[in-house]
Every structure is written in structure tokens, then in C-alpha cells.
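>>> could you look at this predicted model? Sequence included:
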Amino acid sequence: MTGKTASGANKLLTLIAVTLAFSFTFLSRYIWSPLMNDVSAEFGINATQAGLYMSAFFAGYLITQIPGGILADKYQPKYILLVCTVLGGLMTGAMALLKSYEMGLVIRVVTGISAGCVMAQCSKIVAITFAPQQRAMAMGVVLASPPFGITLAQSIGAPMNQAFGWRGTFAAVAAVALVIAVLIVVFVKPIDRKGAAPAPKGKQPGMLEGLRVFFTDSQQLILGASGFLFMFVTVGFATWTNRYVQSLGLTAVQGGLIVTCYSIAGVVGSCISGGLAAKLHASHRSFLLVSLAAMAVMTLVFAFQRSYGAMIGVGIVYGAVSYLPSTHYTTLAMKRAGDRYSATAASTQNLLFQLSSLIMPVVLGYVLDSTNNNYSYNWYIFFGCCAVASVLCLLVKKNDN
């Protein structure tokens, strides 16, 4: 299936299927948060052990980023995406049958492994299904999956837990994966590789050729470094804001609503990002520069707010702005790698970005401990990350369209 042959309706249905598949990886990861207390009480799990369930997922997720990209570039992403979605659903359902803490750790690692391959498959399907001038808009929708999945987990987790218990909630979320799997089977078509450009004579690419192409391209490494700093801010905001606003005298419920509004605005920002850049006739590089600079400004604006209403309002704008860059980072990486290695490029870039999720809690936690919980330093760090990320984009070549 290529961008030249797929009808508009087929493209839309394909986009919906892959976006839901990617969203499910975040739903399955973060559904643990609202269920954590009840599971911990039943099994006598302490806070550190409960946190390790998130780390276990993330470990599996990270180690399969690059293999997922290589597989997508070599084989049929439709079938890999289908297997990963079904496996993720089965593992989420297995949590409903949990018998011990150790069993849960294994399940969460395997769930993370299945999720780690998904973005690469979605990126490859988008690259083949949509024409180059349409890919940024399509990737913007796909990359709305993180805030959408996280918001969904936070909004349905507690009510479902109250109605059906934590085991019933895991089972219900697992059923969602099976519905998405049906959509993949029906609406995502296998890639027709007959029209693909052949490899140069005498140069049959190996399994790791896409990685070599990525890591020998200085532009990809600059984008990766910039995106690492960008992701440090977006993940950091979602992680620490609730605790920050409580330090100002607001409640945990109010803090949660601020983060929820930020995330919902992020879904909208990501979805419109590609179309907005096209309407403004802005290159990916230019759009990144402007949106990262806007993030830096909004970081300081949010940091100076003290009232609940102002934090909600500024948080909405901040969220929309903060999810504008993702589309253009990924689209640029895929464009530079070419169709042959687009999935490897997207997944490798995502790995670099996600490393910030691993480092950020430790860094900011240390800063808070060292400054007697002075959150001002965190906001200065976020501002600095946005500023440096924007400066790095100046080093990206201009001919990116």
C-alpha cells in the first residue's frame, strides 16, 4: 500500500488504526498508576516496589526500540504491529491474574517489550501510506498518542477500579487491545515492496545498515540531542507539576486537573502541528525553532502563576505549544533516512528521546533534595533545556522540506 494508490478513506482508516495501536501502549503503561495503591495493599508492596513496575515496563520498552525499527524496515510492519498489539493486550490481561509481585515484574517487562516495537511500525506504515507532503500531518495525529493514552489511563482508571476492581480494570483494558487488533487486520494493508527502490548493485544492506545511516548523519545526531532536551521538559512537567502545585497550597485533585488540561491541549497541538506548519509555509526546522522558543517562554509564564485558574489557563496554552515539536522531529528524521530506513530512524530517534525519561527523574529529584524542595530551579532547568534545544535546531540544515 503506497501513498499513490491508497484512497483518502483508506488512509484515514489506516491512520486511525495505527494511532489507536500506539495509544494503547501508553494506556497499558499508565493504567498501573491509578491501580497501584489497591494492588500494593493486596500484595504488601511498598512504594519502591510499586515504582519498579513502571521501570520494568520502561526497560522492556527501551530495549526493543531499535530492533522494532529494523524489523519494520525489513519485514511487514502490519503483522509485527498486530502481534505486538495482541501480545500487549494478553500481558495486560495477565495482570488480572496476578499471583505474586515477581510475576507482575515479568509481565510488565514483556508488556514493555511488545510496546517498544509499536512506534516504528506505525511510522513505517505512515511513511508508505502517505505522500511526503502529507506525512507531517499524519505523524502529528500518531504522535498525539502519548498524551491521549496517558489522559485516558488517568481518567478511566479510578472509576473503573471503583466499579470493577483492579483485576477487572486490567481485563477491560486488555479487551481494548483486541478491538484495536481487529482494526489493524481490516484497515491496515501489507506493504507492497515491489515498487521499492532496489539496493545499489554489490551493496546488499545488512540488518544494521539503517543504524549506520542514522549514526553517521550529524544532522540526525543534532536533532536527537535537541529532542532529548525537549522530551526532558515535556516528561518533567507531567511528572512534577502535581507535586509542585501542592507545594503552593493546591490539592492533588487540582494538580491532576492541571496536568490533564495540559495533556488534552497536547493532543490538539500534536494533531494540528503538521497542518499548521503547512498553512504557514514553514519548514520543519523553522517550525521547531519557533515552537521550542515558545515553550521556553511558556515555561517561565507558568512558573510565575500562583492561582489555580491561571495555572489551568496557562497550562492549556503550554500543553498545546509543548506538543507541536514532536511531529517535526520525527518527520525530519524519517525524511533524512529515506523510505528504506524511515522506521529505523524514527525508532532510534525515539530511543534517544526516551532516555531523557530515564534520566530526568533522577536529575530533578536530586535538585529538589539539594535545594530543600525549591522548584524554581526545576523551572530554570526546563527553560534552559528549551533554549538549548532551540539553538541546536539552528545547526540543522535549512533544506528540510
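On my side now, so go ahead. Residues are numbered from 1 along each chain as shown.
>>> name the element the residue lying closest to residue 265 once chain neighbours are set aside belongs to?
Nearest residue to residue 265, sequence neighbours excluded (Cβ to Cβ, 6 or more residues apart in numbering): residue 319, at 3.4 Å. The C-beta positions use only the backbone N, C-alpha and C, and glycine is treated the same way. For residue 319, the enclosing helix or strand under DSSP states H and E is helix 308-322.
>>> and the residue nearest to residue 265, how far from residue 345?
Distance, residue 319 to residue 345, using Cβ to Cβ, to the nearest Å: 27 Å.
>>> try residue 356
Here the distance between residue 356 and residue 345 works out to 18 Å (Cβ to Cβ).
>>> more neighbours, these two?
Between residue 356 and residue 345, residue 345 has the larger neighbour count (other Cβ atoms under 10 Å), namely 30 against 20.
>>> doesn't residue 215 make contact with that one?
No - with contact defined as Cβ atoms under 8 Å, residue 345 does not count as touching residue 215 (10.4 Å).
>>> ok, and the closest non-adjacent residue to the spatially most central residue of the chain?
Centroid-nearest residue in the chain, with Cα atoms, centre = their mean: residue 146, separated by 4.3 Å. Distances taken as Cβ to Cβ, 6+ apart place residue 26 nearest to residue 146, at 5.4 Å, with adjacent residues excluded.
>>> what sits against the one you found?
Contact analysis of residue 26 by Cβ atoms under 8 Å, 6 or more residues apart in numbering lists 145-146, 148-150, 152-153.
>>> any idea which element it lies in?
Per DSSP H and E: residue 26 is located in helix 8-30.
>>> also residue 354?
Per DSSP H and E: helix 342-370 holds residue 354.
>>> so how many other residues sit close to residue 373?
13.
>>> circling back: what's the strand or helix carrying the residue nearest to the centre of the chain packed up against?
Here residue 146, judged by DSSP H and E, is contained in helix 145-187. For helix 145-187, the packing partners by 3 or more Cβ pairs under 8 Å, 6 or more residues apart in numbering; DSSP states H and E come out as helix 8-30, helix 32-43, helix 77-94, helix 252-279.
>>> could you check the angle the shortest one makes with helix 145-187?
If I follow you right, that is helix 32-43. 90 degrees (axes from the mean of the first three to the mean of the last three Cα atoms, to 10 degrees).
>>> now do the next helix or strand after helix 32-43 against helix 32-43, angle only.
Reading on from helix 32-43 to the C-terminus, the next helix or strand found by DSSP H and E is helix 47-63. Put simply, helix 47-63 runs at 130 degrees to helix 32-43, going by the same axes, to 10 degrees.
>>> any weak-confidence spans in the stretch 251-400 of the chain?
Counting by pLDDT under 70, the stretch 251-400 of the chain has low-confidence residues at 398-400.
>>> now do 80
Residue ranges of the stretch 251-400 of the chain with pLDDT under 80: 252, 357-358, 361-362, 398-400.
>>> for the residue nearest to residue 265, give me its contacts.
Contacts of residue 319 (Cβ under 8 Å, 6+ apart): 147, 261-266, 269.
>>> now those residues: which count as buried?
Neighbour counting by 16 or more other Cβ atoms under 10 Å classes 147, 261-266, 269 among those as buried.
>>> which pair of those residues spans the longest distance?
Greatest spacing in those, by Cβ to Cβ: 261 and 269 (12.3 Å).
>>> ok, back up a step: beyond the helix holding residue 319, next helix or strand please.
helix 325-337.
>>> hmm, back to that, could I get the average pLDDT for the helix holding residue 146?
The average pLDDT for helix 145-187 rounds to 92.
>>> any idea how far that helix is from the middle of the chain?
17 Å (Cα atoms, centre = their mean, to the nearest Å).
>>> for stretch 238-246, same thing?
Remark: stretch 238-246 is offset 20 Å from the chain centroid, using Cα atoms, centre = their mean.
>>> likewise stretch 285-302?
For stretch 285-302, the separation from the chain centroid amounts to 19 Å (computed by Cα atoms, centre = their mean).
>>> contacts for that stretch?
By Cβ under 8 Å, 6+ apart, stretch 285-302 touches 226, 230, 233, 273, 276-277, 280, 282, 311, 314-315, 317-318, 321-322, 324-325, 328-329, 332, 379, 382-383, 386-387, 389-390, 393-394, 396-398, 400.
>>> just the buried residues from those residues, in PyMOL please.
To isolate the buried members of the contacts of stretch 285-302 in PyMOL, using 16+ other Cβ under 10 Å:
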select buried, resi 226+230+233+273+276+277+282+311+314+315+317+318+321+322+324+325+328+329+332+379+382+383+386+387+389+390+393+396+400
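>>> follow-up on the earlier one: possible to save the contacts of residue 319 as CSV with distance to residue 39?
Formatted as CSV, those follow (distance: Cβ to Cβ, whole Å):
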residue, distance to residue 39
147, 25
261, 28
262, 27
263, 24
264, 27
265, 31
266, 28
269, 33
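>>> so which of those residues is the closest to residue 44?
residue 263 (32.2 Å).
>>> I'd say the closest one and residue 152 touch.
No - look at residue 263 against residue 152 with Cβ under 8 Å: they stay out of range, at 9.6 Å.
>>> that older thread, only C-alpha atoms, please: export the helix holding residue 319 in CSV.
Provided in CSV are the C-alpha atoms of helix 308-322 (Å, rounded to 0.1, in the frame of the first residue of the first chain):
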residue,chain,number,x,y,z
TYR,A,308,-5.5,27.8,40.3
GLY,A,309,-7.4,29.4,37.5
ALA,A,310,-4.3,31.0,35.9
MET,A,311,-2.4,27.7,36.1
ILE,A,312,-5.3,25.9,34.2
GLY,A,313,-5.4,28.6,31.5
VAL,A,314,-1.6,28.9,31.1
GLY,A,315,-1.3,25.1,31.3
ILE,A,316,-3.6,24.7,28.3
VAL,A,317,-1.5,27.0,26.2
TYR,A,318,1.7,25.4,27.5
GLY,A,319,0.4,21.9,26.6
ALA,A,320,-0.6,22.9,23.1
VAL,A,321,2.8,24.5,22.5
SER,A,322,4.7,21.7,24.1
